[in-house]
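1. Got a predicted structure plus its sequence, pasted below:
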Amino acid sequence: MVMLGSSIGRSRCWLMVGLISWAAWPALCAAEVALQPDAPQIYRVRSGDSLWGIAGRFLRDPWRWPEVWEGNPEVSDPNLIFPGEQLVLDTRRVGAPRIRSSASGLRVVKLSPRVRVTELDAAIPTIPVGTIAPFLSRPWVADSRELDDAPYVVGFPRERILVGAGDRIFVRQIMTARDARFEVLRPGEALRDAVTNELLGYQALYVGEAALEQTGDPATLLVTHSRMQVQIGDRLRPARDEAAVRHFQPRSAPPGLEGQIISVLDGVSQIGQFDVVVLDRGSREGVEIGQVFAVYRGGTEARDRVMSARNDQHWRDESPLKSSFWMGDWQIRGWESDRPDPNAPLPLHRKAERLSETYIVPQSRSGILMVFRVFARVSFALVMRANQAMHLGAIVATPDGH
């Protein structure tokens with residue numbers, strides 16, 4: 001896997017990620033691909049673009065790009081797109097739009113390892129993942145026993161309260177030099193299923209890394225890198241050289257796979273584009289890296305203030321002798337039988353009730369997110385699109401058919 005790496009501008013740097021093998025994508029669904037109302041006929045790719053962003057200019061559902069892309073015949077990998085290219089929208093076939101690259105001005109590239117790496121470095125990334133770069137391999141979800149049993153920071157030289165890179169720390173119970181490098185983690189919030197309240201694990205925040213200098217109880221370690229200051233009580237685990245997953249294949253989540261947002265990283269109150277959220281579904285429920293979910297709001301009970309105020313205002317005047325009592329804000333709910341004796345053959349009568357003082361808020365789509373890291377019972381996802389502010393407890397489900 002070749003990792004793309006470059007910076008785009010000084011104010012914002014996107015980490016380039018592995019490109020999608022479009023040819024390996026299955027058909028996402030049979031429904032015809034919907035274009036954006038203002039989809040351009042021609043678009044020139046610019047430095048800083050992402051493939052997701054470009055697809056969103058043309059398509060209502062960006063993850064369906066493989067169904068319309070004809071490929072780039074002028075380079076060794078026809079699925080690569082480069083800054084400066086012109087993408088042309090062809091709508092001559094009703095219900096089957098196609099997008100192709102204009103071949104004018106593109107260079108012919110010979111196949112060689114060096115040129116291929118240069119191609120990958122120059123091509124635009126799949127998604128702008130600078131926001132999730134620290135979370136591609138660092139987030140860790142553990143159960144309470146793993147955190148309780150891990151070595152922990154007990155103190156610092158010269159009675160300091162907080163330390164950072166270049167400082168030393170004292171850690172309980174590192175008795176062997178089997179591991180030379182450690183990750184420093186901070187126990188975070190408990191993650192629970194939004195419906196059943198099942199404990200799904202604890203989020204462990206990445207604090208930094210430390211190198212072992214002397215074993216013992218306590219052992220002495222040197223902080224070599226810190227994302228935040230180390231404090232007493234932080235846990236340590238042997239550093240894992242995990243290759244961060246950077247090869248994404250966005251695709252619609254399967255029907256029936258639903259969950260809820262149970263946490264948002266960095267503690268924001270309203271969730272927006274490029275925020276990282278935690279879902280209460282993981283690999284045991286079938287969640288996979290690259291799955292795209294829609295975020296829905298609604299489906300909750302809300303108070304009808306008008307009806308409530310009306311009922312509060314007129315309840316003293318209600319009387320069976322008034323027509324408004326019988327012909328007011330009532331609704332027919334079907335038939336039911338009188339119940340002086342359940343076995344008596346009494347006639348049925350209509351069942352009527354006052355209109356409820358509450359109502360169910362209709363569901364509407366508020367955003368799109370893509371899963372980029374999966375654990376057994378939870379997963380991390382990046383918000384790719386936000387139509388409106390999202391909140392904890394929002395429902396996530398397949399975006400197809402909505």
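-> On my side now, so go ahead. Numbering: from 1, shown residues only.
2. what's the longest strand along the chain packed up against?
-> When the chain is parsed with DSSP state E, its longest strand is strand 199-214. Where contact means 3 or more CB pairs under 8 Å, 6 or more residues apart in numbering; DSSP states H and E, strand 199-214 is packed against strand 140-142, helix 144-149, strand 168-171, strand 181-192, strand 219-226, strand 230-231. To be clear about C-beta, it is placed using only N, CA and C from the backbone, and glycine gets the same treatment.
3. how many neighbours does residue 173 have?
-> 15 (other CB atoms under 10 Å).
4. so where's the stretch 201-350 of the chain shaky on pLDDT?
-> Across the stretch 201-350 of the chain, the ranges flagged by pLDDT under 70 are 242-247, 267-268, 307-350.
5. how does it look with 80?
-> In the predicted model of the stretch 201-350 of the chain, residues 240-249, 266-269, 298-350 satisfy pLDDT under 80.
6. For it, which segments are assigned as helices?
-> With helices called from DSSP state H, counting those that start in this stretch, the stretch 201-350 of the chain shows them at 305-314, 323-327.
7. Show me the one of the helices and strands packed on strand 199-214 that comes nearest residue 376.
-> Proximity to residue 376 (CB to CB) singles out strand 140-142 among the helices and strands packed on strand 199-214, at 8.1 Å.
8. Which residues does the closest one contact?
-> Contacts with strand 140-142, where a contact means CB atoms under 8 Å, 6 or more residues apart in numbering, come from 185, 191, 200, 201, 202, 203, 204, 206, 237, 375, 377, 378.
9. Partner strands of it and their direction?
-> strand 199-214 (antiparallel) (DSSP bridges).
10. List the buried residues for the partner strand?
-> For strand 199-214, burial by neighbour count (16 or more other CB atoms under 10 Å) applies to 200, 201, 202, 203, 204, 205, 206, 207, 208, 209, 210, 212.
11. Next: stretch 49-69.
-> 49-59, 61-69.
12. now the end-to-end length of it.
-> 17 Å (CA to CA, to the nearest Å).
13. now the strands: where do they sit in the stretch 51-200 of the chain?
-> If you assign secondary structure with DSSP state E, counting those that start in this stretch, the strands in the stretch 51-200 of the chain sit at 86-90, 98-101, 140-142, 153-155, 162-163, 168-171, 181-192, 199-214.
14. looking at those, which has the lowest confidence?
-> Mean pLDDT is lowest for strand 140-142 out of these, coming in at a mean of 81.
15. Residue 204 is in contact with residue 147, isn't it?
-> Yes - using CB atoms under 8 Å, residue 204 is in contact with residue 147, at 6.7 Å.
16. burial of the closest residue to residue 238 other than its chain neighbours, as a residue count?
-> Nearest residue to residue 238 in three dimensions, chain neighbours excluded: residue 179, at 4.0 Å (CB to CB, 6 or more residues apart in numbering). By the criterion of other CB under 10 Å, residue 179 has 12 neighbours.
17. ok, residue 179 - contacts?
-> With CB under 8 Å, 6+ apart, residue 179 has these contacts: 212, 238, 239.
18. any chance of these in a markdown table, with distance to residue 102 too?
-> Output for the contacts of residue 179, formatted as a markdown table (distance: CB to CB, whole Å):
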| residue | distance to residue 102 |
| --- | --- |
| 212 | 57 |
| 238 | 52 |
| 239 | 48 |
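19. which of the residues you listed lies closest to residue 228?
-> Nearest member of these to residue 228, counting by CB to CB, is residue 239, at 17.0 Å.
20. so that closest one touches residue 206, yeah?
-> No - between residue 239 and residue 206 there is no contact under CB under 8 Å: 11.0 Å.
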